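# Next one to model:
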Amino acid sequence: MSPFDKIALFIDGPTLHATAKILGFEIDYERLLGEFQRRGTLLRAFYYTPIVEDQKYSAARPLLDLLDYNGCAVTTKPTKEFVDACGRRKVQGNIELAVDAMELAEHVDQIVLFSGDGGFRHLVRAVQRRGVRVTVVSTIASRPVMIADELRRQADEFIDLAELKLRVGRDPSERLRPTLSAGKHREPAGEESIAD
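Purely as a prediction, here's the structure:
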């Protein structure tokens with residue numbers, strides 16, 4: 001990435017949460033946004049997650065509010081789950097992420113996709129045809145690996161989340177209580193009920 005690149009982040013929330021959890025840490029989203037602001041001009045950041053509609057309170061709500069407060073566009077939709085061929089519980093794909101990435105492609109130099117879902121390979125290829133470089137963030141440091149091989153190979157650059165741990169993560173035991181920090185409202189992460 002060039003420091004002059006216009007960058008957009010596209011975060012598949014449950015997948016990123018599950019990947020960080022397997023690697024033994026939680027994402028500090030303020031630090032994550034700051035990391036990519038240092039790598040170029042961060043134009044937009046998008047966060048996508050399903051929520052359970054019939055719950056009065058979602059454990060993810062504090063996180064979603066924090067992201068929204070810090071300028072991250074948050075997209076939610078009702079949870080639709082299925083079991084894959086290996087018997088793992090999966091959340092249905094995120095068409096909203098793909099549509100937003102295609103719409104924004106003409107305005108950015110680089111898209112950073114936080115997902116390992118092989119279904120995004122076609123999106124990555126389509127965005128690349130528009131002249132946009134694509135970085136995919138996931139991990140190959142876990143067993144099983146959290147990224148589909150075809151997605152990793154299609155990307156212009158692959159960043160292993162394990163390498164970002166010290167810059168964008170915190171240990172789950174370091175959860176913060178709600179406080180005001182530098183004018184920003186800090187809340188504990190709240191994806192547990194979504195991806196566990």
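# ok so Val136 is a helix residue?
No - assigned with DSSP: H, G, I helix; E, B strand; the rest coil, Val136 falls outside any helix and is strand.
# so where's the chain shaky on pLDDT?
1, 52-60, 78-82, 84-86, 88-93, 172-196 (pLDDT under 70).
# rerun that using 50 as the cut-off
177-196 (pLDDT under 50).
# can you give me the strands in it?
Along the chain, the segments classed as strands by DSSP state E run 6-12, 26-27, 41-51, 73-78, 81-83, 89-91, 110-114, 133-138, 157-160, 169-170, 179-181, 184-186.
# Present these as CSV; the columns should include distance to Leu67 and mean neighbour count.
Every residue, glycine included, has its C-beta placed from N, CA and C. As requested, the strands of the chain are exported to CSV (distance: least, C-beta to C-beta, whole Å; neighbours: other C-beta atoms under 10 Å):
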stretch, distance to Leu67, mean neighbour count
strand 6-12, 9, 23
strand 26-27, 11, 22
strand 41-51, 5, 20
strand 73-78, 5, 15
strand 81-83, 22, 9
strand 89-91, 18, 15
strand 110-114, 13, 24
strand 133-138, 16, 24
strand 157-160, 20, 16
strand 169-170, 16, 18
strand 179-181, 15, 9
strand 184-186, 11, 14
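# Report the contact partners of Thr139.
Shown in contact with Thr139 (C-beta atoms under 8 Å, 6 or more residues apart in numbering): Thr19, Ile22, Leu23, Gly116, Val145, Met146, Ile147, Asp160, Leu161, Ala162.
# picking up where we left off before, just tell me which of the strands of the chain ends up closest to Pro62.
Nearest of the strands of the chain to Pro62, taken as C-beta to C-beta: strand 184-186 at 9.0 Å.
# thinking again about what came up before, next, format the strands of the chain as a markdown table and append distance to Glu103.
Shown next, in a markdown table, are the strands of the chain (distance: least, C-beta to C-beta, whole Å):
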| stretch | distance to Glu103 |
| --- | --- |
| strand 6-12 | 10 |
| strand 26-27 | 25 |
| strand 41-51 | 11 |
| strand 73-78 | 12 |
| strand 81-83 | 27 |
| strand 89-91 | 23 |
| strand 110-114 | 12 |
| strand 133-138 | 15 |
| strand 157-160 | 22 |
| strand 169-170 | 30 |
| strand 179-181 | 33 |
| strand 184-186 | 28 |
